[in-house]
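[1] Only the shape, not the letters, is given here:
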C-alpha cells in the first residue's frame, strides 16, 4: 500500500517537473491551482509537447483526442487526469 | 425534400419531435432516433436510387473496415502498416467522389459523405489509440446515420454521442434539454430565414460589380450571409439533436469578435477545426516533436498549421478557390504563431485596449477576405488582370 503511494508520489513529482519545463515556469510545481490556459502557460502546441514528454519519460500515451482543456486546466487536475489514465 | 429546408421537412419533423419528447422523458431515445433517421433518409435520399444505394454501400463498406481493424488491433496491438492501410481504404470513397466532381461516380456519391468520412476516421483513429475496443453495427449505424447532422454536421464524436444515448435522463434533465433545443432551433430558423436572406439579397445585387467599394461590400455581405446561413443550419441541427436527447456540440461561437486568427478557428466551424486539431494537427506535431523532424518548434508548428489548413481546403473541394482558401488560412495561422511567440511588441501591448481593438479590426478583415476567396467571387479577376496586362 505504502509502496504504491510512494511510486505515485514520484510520478506526480515527475509530471510536475515536465510541466514546469514546458511552461518554462517553476511556479506550476507549487501553485497547483493556477489556470494554465488563462495564464498563457499552456496552449494547444505545448499540450502536445506535454503529451510527447509523458509518453517518452513515463511511458503513458495519451491521445490528443481524449484530452479536453477542462480536464487539465490546473496542475492538480492534470495530475488527477494522468493518474487515472495510467491506471487503465 | 431536403434537410432543414422547405415546409414539407418541418411539417414532418414537428410530429416526430413531439413523439420523441413523450418517449424521452422516461426512456432512451436511441432506437427511436435510428428509426426516424431511417425514415428521413428514405424520404430525402429515396428520390434518387443511386444515392440511397451509395449511402447503404458506404455504410457497410466502412463498417467492415472498422471491424476488421478492431479485430487486428485487439490481437496484435498498434501496428502502423495495417492502420495506414485502413486509413487509406476508409478515405477511398470520399477521394473517389471528390476526384470525379462535378459528375461523381454515382455509386460513391451521397449527400454528406464528407461528414460521414470524418466520423468513420474518428472511430478508426480512436481504435488505433485503444480508446475504442468494440463496435456494434447498431451503435455504428445510430452514430453515422443520425439524421440531424448527417448531411452537414456538426461533427460529433462517437463515444460522446453514444454516452448521451446510453444514459436515461431523468424527466427534469431531459425537459431542460428540450427547452434548450427548442430555443436553439428557433434561433437557427431566424438566422436562416431572416438574416441570411437579408444579406443574400443585397449580396446578389452586387454580383457583377467589380469596383473596389463593391468588392469590399460584397466581402462583408457574403461573410455575414455565410455565417447566418451555416450557423443557422447548425443551430437547427443542434437544437433538433437536443430534443432527441443528444447534446451535439455547437459549431459557432461569435466568430466575428475574434481578436486573432487562432481565436477565429476556435469560434468558426468549431467541430471541423477541433476535429482537425485533434486528429491531424496534434498528431502531426506529436510525431514531429518525437522524431525531431524540425530544428525549431516554431518551424514545426508553422508546417503543422499549413498542412492542417491545406487539408481543410481540400476537404471543402478540389477547386482552386478552396485550396487557396486553405493555404491562406495556413499562412495566417503560421504567421500569427510566429508573431505571438517572437514579438516583444505583442507581449508588451496585447493586454491594452487599443491593441485589442486594432487586432480585432485586422482579424475581421482578414477573415472577410478569406471568405471572398472561398466564395469564388474573385475567380475571374486573375484572368481579367492578365488580359489587361498583355493587351
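    Perfect, thanks for sending it. Source: prediction; values computed, not measured.
[2] Contact residues of chain A facing chain B?
    A:44-45, A:47-49, A:51-52, A:55-56, A:61, A:63-66 (CB under 8 Å from any CB of the partner chain). Every C-beta, even on glycine, is put in place using the N, C-alpha and C of the backbone.
[3] For PyMOL, write a command that selects the buried ones of the residues you listed.
    Burial among these is assessed by 16 or more other CB atoms under 10 Å in any protein chain shown; the matching PyMOL selection reads:
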select buried, chain A and resi 44+45+47+48+49+51+52+63+64+65+66
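[4] If we only consider the residues of chain A next to chain B, which is nearest to residue B:110?
    residue A:65 (26.2 Å; CB to CB).
[5] which residues touch the residue nearest to residue A:78 when sequence neighbours are not counted?
    Of all residues not flanking residue A:78 in the chain, residue A:72 sits nearest, at 4.4 Å (CB to CB, 6 or more residues apart in numbering or on different chains). By CB atoms under 8 Å, 6 or more residues apart in numbering or on different chains, the residues touching residue A:72 are A:36, A:42, A:47, A:78, A:81.
[6] any chance of those in JSON lines, plus secondary structure, pLDDT and distance to residue B:177?
    Formatted as JSON lines, the contacts of residue A:72 follow (DSSP: H, G, I helix; E, B strand; the rest coil; pLDDT from 0 to 100; distance: CB to CB, whole Å):
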{"residue": "A:36", "secondary structure": "coil", "pLDDT": "92", "distance to residue B:177": "31"}
{"residue": "A:42", "secondary structure": "coil", "pLDDT": "89", "distance to residue B:177": "32"}
{"residue": "A:47", "secondary structure": "helix", "pLDDT": "90", "distance to residue B:177": "31"}
{"residue": "A:78", "secondary structure": "helix", "pLDDT": "93", "distance to residue B:177": "31"}
{"residue": "A:81", "secondary structure": "helix", "pLDDT": "92", "distance to residue B:177": "27"}
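[7] Could you give the secondary structure assignment for the residue in chain A positioned nearest to chain B?
    Among all residues of chain A, residue A:64 sits closest to chain B, at 3.4 Å; criterion: CB to the nearest CB. Applying DSSP: H, G, I helix; E, B strand; the rest coil to residue A:64 yields a three-state assignment of coil.
[8] residue contacts, it?
    A:47, A:48, A:51, B:277, B:278, B:279, B:282, B:283, B:286.
[9] if we can go back for a sec, can I get the buried part of the contacts of residue A:72 as one ChimeraX selection?
    Filtering these down to the buried ones (16+ other CB under 10 Å) takes a single ChimeraX command:
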select /A:36,42,47,78,81
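[10] Quick check: the farthest pair among the contacts of residue A:72?
    Once CB to CB is applied, the contacts of residue A:72 give A:42 and A:81 as the farthest pair, at 13.2 Å.
[11] burial of the spatially closest residue to residue B:165 that is not a sequence neighbour, as a residue count?
    Closest residue to residue B:165 apart from its sequence neighbours, by CB to CB, 6+ apart: residue B:30 at 4.2 Å. Counted with other CB atoms under 10 Å in any protein chain shown, residues neighbouring residue B:30 total 18.
[12] Now residue B:293: closest residue in space that isn't a chain neighbour?
    Leaving out its chain neighbours, the residue that sits closest to residue B:293 by CB to CB, 6+ apart is residue B:300, at 6.6 Å.
[13] The one you found should be in a helix, yeah?
    Yes. Under three-state DSSP, residue B:300 falls within a helix.
[14] Please list all residues in contact with the residue positioned nearest the centre of chain A.
    Residue closest to the average C-alpha location in chain A (CA atoms, centre = their mean): residue A:78, at 4.4 Å. Contacts for residue A:78 (CB under 8 Å, 6+ apart) come out as A:15, A:19, A:36, A:71, A:72.
[15] now the residues you listed in CSV, with distance to residue B:161?
    Putting these into CSV (distance: CB to CB, whole Å) gives the following:
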residue, distance to residue B:161
A:15, 31
A:19, 32
A:36, 29
A:71, 19
A:72, 23
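[16] Redo those as CSV? Include secondary structure and distance to residue A:86.
    Conversion of the contacts of residue A:78 to CSV gives the following (DSSP: H, G, I helix; E, B strand; the rest coil; distance: CB to CB, whole Å):
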residue, secondary structure, distance to residue A:86
A:15, helix, 10
A:19, helix, 15
A:36, coil, 20
A:71, helix, 14
A:72, helix, 14
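[17] Tell me the one among those nearest to residue B:42.
    Nearest to residue B:42 among these: residue A:71, at 40.6 Å, using CB to CB.
[18] Next, the contact list for the residue nearest to that closest one when sequence neighbours are not counted, please.
    Once flanking residues are discounted, residue A:71 sits nearest to residue A:81: 4.9 Å by CB to CB, 6+ apart. Applying CB under 8 Å, 6+ apart, we find residue A:81 in contact with A:67, A:71, A:72.
[19] for residue B:310, same thing?
    B:323, B:326, B:327, B:330.
[20] Might you enumerate the residues of chain B proximal to chain A?
    Looking at chain A, the residues of chain B close enough under CB under 8 Å from any CB are B:122, B:125-126, B:129, B:131, B:157, B:277-279, B:281-283, B:285-286, B:289-290, B:297, B:301, B:337.
[21] same thing but 7 Å
    Residues of chain B lying close to chain A (CB under 7 Å from any CB of the partner chain) are B:126, B:129, B:131, B:277-279, B:282-283, B:285-286, B:289-290, B:301.
[22] could you dump the residues you listed to CSV with neighbour count, pLDDT and secondary structure?
    Shown next, in CSV, are the residues of chain B next to chain A (neighbours: other CB atoms under 10 Å in any protein chain shown; pLDDT from 0 to 100; DSSP: H, G, I helix; E, B strand; the rest coil):
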residue, neighbour count, pLDDT, secondary structure
B:126, 20, 96, helix
B:129, 18, 92, coil
B:131, 17, 92, coil
B:277, 21, 93, helix
B:278, 21, 93, helix
B:279, 19, 95, helix
B:282, 22, 92, helix
B:283, 18, 93, helix
B:285, 29, 94, helix
B:286, 19, 93, helix
B:289, 20, 91, helix
B:290, 13, 90, helix
B:301, 25, 93, helix
